[in-house]
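**Q** Need the 3D shape of this:
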Amino acid sequence: SDKPYEAALTVDLSEAASGGSVTISGLTVRHSSPSIAQNYAVYVPPPSRAASATKVELRDLDVSSSSGSGLGVEGGDVTLLSSKVHDCRNH
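**A** Sure thing, here's the model as predicted:
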């Protein structure tokens with residue numbers, strides 16, 4: 001993307017009304033962004049208080065970022081399973 005601070009995939013539960021579970025599976029994620037901070041291919045911001053117990057499972061992903069980090073998690077219960085995070089500029 002040419003927009004700063006834009007992840008290729010954002011799992012945003014900041015306005016969720018309740019908990020539960022979210023599973024994302026089988027994606028190839030390629031990222032490039034001109035931003036310096038919060039420069040993630042896959043980004044999970046803090047969930048809402050109501051969704052704080054929500055479990056996020058990222059499974060069988062292939063993630064890379066030519067300009068930043070592969071995965072940024074700022075809160076919640078996030079599990080990465082059977083995935084590849086590679087060829088990232090940072091981390």
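
**Q** Near residue 48, how many other residues are there?
**A** Counted with other Cβ atoms under 10 Å, residues neighbouring residue 48 total 17. (C-beta placed from N, C-alpha, C; glycine too.)

**Q** I misspoke; the intended subject was residue 86.
**A** Around residue 86 there are 10 residues (other Cβ under 10 Å).

**Q** In contact with it, which residues?
**A** Taking Cβ atoms under 8 Å, 6 or more residues apart in numbering, we find residue 86 in contact with 62-64, 70.

**Q** so which strand or helix has residue 67?
**A** Assigned by DSSP states H and E, residue 67 belongs to no helix or strand.

**Q** Who are the contact partners of it?
**A** Contacts for residue 67 (Cβ under 8 Å, 6+ apart) come out as 31-35, 39, 89.

**Q** residue ranges of the strands in this protein, please?
**A** With DSSP state E, the ranges of strands along the chain come out as 9-10, 21-25, 28-31, 40-44, 55-59, 62-65, 69-73, 77-81, 84-85.

**Q** If you count neighbours, what's buried in the fourth one?
**A** This points to strand 40-44. For strand 40-44, burial by neighbour count (16 or more other Cβ atoms under 10 Å) applies to 40-44.
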